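[1] need a structure here:
(one chain, ligands or ions: 1)
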Amino acid sequence: MDEVFRWTTVLTLVQVFFGVIIGLYFWNLLRAQQSSRVALRRESAHELERIRKLRAISLSEPLAEKVRPQSFAEIVGQEEAIKALRAALCGPHPQHVLLYGPPGVGKTAAARLVLEEAKRSPLSPFGKEAKFVEIDATTARFDERGIADPLIGSVHDPIYQGAGPLGMAGVPQPKPGAVTKAHGGILFLDEIGELHPIQMNKLLKVLEDRRVFLESAYYSPDDPNIPAHIHDLFQNGLPADFRLVGATTRPPEELPPALRSRCVEIFFRPLVPEEIKLIAANALKRLGLKAEEGVLEVVAKYATNGREAVNMVQLAAGLALAEGRKDIRVADMEWVASLGQYDPRPEQRLPTQPTVGLAVGLAVCGPNQGTILEIEAAAVPRARGKGRLVITGVVEEEELGQRGRRFRRKSTARSSVENVLTALRALLRVEPMDYDLHVNFPGGVPVDGPSAGLAVAVAVYSALTGLPVDHRSAFTGEVSIHGQVKPVGGIVPKVMAAARAGARRVFIPRENYQQLFQELEGTTVIPVSHLEEVVKEALVAGDSPAARTLSALGLGL
Ligand SMILES: Nc1ncnc2c1ncn2[C@@H]1O[C@H](COP(=O)(O)OP(=O)(O)OP(=O)(O)O)[C@@H](O)[C@H]1O
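    Numbering: from 1, shown residues only. Model prediction:
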């Protein structure tokens, strides 16, 4: 009995002993957890206080925000592009859009306003909650393993740090990218031309599917540990039904055809000095500042786009305010121009008087950007058939970019001049090879040979006849060897460049004529089909022997 009692006591003591040990262990564990929780809470409270203090500090609204256009009406000079943007996005069936144009002319400003405009339309499918998600293609980096992709989305696999309770349970977690965040709204992808080709392909797939399918080696459709919503996301994809608005400063041919064919293409044009002045004047008004006479002219002389105009105004405003003034002086703006090392905008000027062998051609020098281009010709009589043809100033080879592919294009200017000579030979009944002919393209602009044909023809014709070319006329068109005037590309920016430079008449191929040219003030656009129609009009009449010969040929001026 005693024996049994003794054993029972020993066992009880052992149990109590282990009970105390285990109890102490758990108590310590709890205490450790408790104290780490208290430490975390203390740390978090400290951090929250720091964040609150940071939030309490706020500077005044940046000037750039203050002057940013708040409505379409405040975007200067882009009425046509905005009309197209509205048509593409504010109707019952919004489309994907690509915005082309030089930097700082209002592409981003217009894109930011278009969703609000669309929401006001009763026909629009964009709901009240539709989001405008903005991302820059140059920063939308992704890594090849797909761990992080801010544009398309990625899967957070359980092996990665910070995978949380789901990660600890071995569950892969799909993380939405910008395409999903923009679901039901607009995804604005700035600098879309810089997007990596792999991401571009993924984006095209999303546009097609209107959802994103993500993959993970850790996902199994049969895994019972994976929660239902994650099965759903892997099997049905993350929603990504949005409208894309991509903006780029690249020309259309540098964007993938597969993207272009899915989008409406809209062109923003470069701003003219009068528009730059208006943007600067509006910015000054918003800032509540006055400007001395001549200030806006300085801005228009140096700023080539809206952003530069606004930046110049901001700095001049800062200078004036720092000196306690509410007015901006010409000297302030000139100081800003010299500090920012702005170059004066090259002036597009027509020749000042009719000149023999000098014609004004037109070229495209950027997306939706036209320029005038002087073409010179000189002719010196030579022994019969002994003349030589010299062509100078032509950029012989041009490198064209094509996303990863670059190729060189031989200038076609030389063959264009030769075509023109053949056409003139038939028309003039003179032999150009009886003259030493020199055709020069000053300025080193890459000349798209065929479209310069009409201006070359006029310059050479003038040089051969000695009759000056009307200096207020500009010419564009390809000339066939039979003297027909064929259509060319970029007609609208070319005509606009001529009008801006002050041309009174612009001769263009008949097939290129558009109704909108009738609205130009002070410039008449004349559609022509044959070289004969042009030479009759383009040369200034005179009583020279050449003029008399032309009269005899029935080409009298
Ligand atoms: N046409 C314009 N009318 C009024 N303000 C303009 C215009 N263009 C530019 N601005 C001013 O310049 C700022 C920058 O323009 P925005 O960002 O729209 O240019 P962007 O064409 O998108 O250029 P980027 O390709 O460099 O982004 C605007 O916030 C606005 O203050």
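[2] what about Pro432, distance to Ala463?
    Applying C-beta to C-beta, to the nearest Å, the value for Pro432 to Ala463 is 10 Å. Yep, even glycine has a C-beta here, placed from its N, CA and C like the rest.
[3] shared neighbours of those two, anything?
    Common contacts of Pro432 and Ala463, defined by C-beta atoms under 8 Å, 6 or more residues apart in numbering, comprise Ala379.
[4] more neighbours: which of these two?
    The neighbour count for Pro432 versus Ala463, taken as other C-beta atoms under 10 Å, is higher for Ala463 (24 against 21).
[5] roughly how far does that one sit from Thr12?
    Taken as C-beta to C-beta, the span from Ala463 to Thr12 is 125 Å.
[6] burial count for the residue in the chain that the ligand sits nearest to?
    At 2.4 Å from the ligand, Gly306 is the closest residue in the chain, using C-beta to the nearest ligand atom. Counted with other C-beta under 10 Å, residues neighbouring Gly306 total 27.
[7] cool, and Val534?
    Val534: 25 neighbours (other C-beta under 10 Å).
[8] in which helix or strand would I find it?
    Taking DSSP states H and E as the definition, Val534 sits inside helix 531-538.
[9] what's the answer for Ile372, then?
    Using DSSP H and E, Ile372 falls in strand 369-381.
[10] what is that strand packed up against?
    strand 358-366, strand 435-440, helix 449-465, helix 491-501 (3 or more C-beta pairs under 8 Å, 6 or more residues apart in numbering; DSSP states H and E).
[11] which secondary structure elements does the next helix or strand after the last one sit against?
    The reference is to helix 491-501. Per DSSP H and E, the first helix or strand lying C-terminal to helix 491-501 is strand 505-509. Judged by 3+ C-beta pairs under 8 Å, 6+ apart, strand 505-509 is in contact with strand 473-475, helix 491-501, strand 524-528, helix 531-538.
[12] excluding chain neighbours, give the residue nearest to Val488 in space.
    Ser451 (3.7 Å; C-beta to C-beta, 6 or more residues apart in numbering).
[13] tell me the SS of the closest residue to the residue of the chain closest to the ligand other than its chain neighbours?
    In space, and not counting its chain neighbours, Gly306 is closest to Ile279: 4.8 Å by C-beta to C-beta, 6+ apart. Secondary structure of Ile279, reduced to three states by DSSP: H, G, I helix; E, B strand; the rest coil: helix.
[14] pretty sure Thr352 contacts Arg472?
    No. Using C-beta atoms under 8 Å, Thr352 is not in contact with Arg472, being 10.2 Å away.
[15] okay, those two: which has more neighbours?
    Of the pair Thr352 and Arg472, Arg472 is the one with more neighbours under other C-beta under 10 Å, namely 17 against 7.
[16] give me every residue that touches that one.
    Leu350, Gly502, Ala503, Arg504, Arg505.
[17] which of the residues you listed has the most neighbours?
    Busiest of the contacts of Arg472 [other C-beta under 10 Å] is Ala503, holding 27 neighbours.
[18] now do the contacts for the residue lying closest to that one once chain neighbours are set aside.
    What sits nearest to Ala503 in space, not counting adjacent residues and going by C-beta to C-beta, 6+ apart, is Ala474, at 4.4 Å. By C-beta under 8 Å, 6+ apart, the contact list for Ala474 reads Leu350, Val360, Gly361, Leu362, Ile372, Ala455, Ala498, Ala501, Ala503, Arg505, Val506, Phe507.
[19] top of those residues by neighbour count?
    Compared across those, Ala455 has the highest neighbour count, 33 neighbours, by other C-beta under 10 Å.
[20] in space, what's closest to it - neighbours in sequence excluded?
    Gly361 (3.2 Å).
[21] do I have it right that that neighbour meets Glu376?
    No. Gly361 lies out of contact with Glu376 (C-beta under 8 Å); the separation is 10.6 Å.
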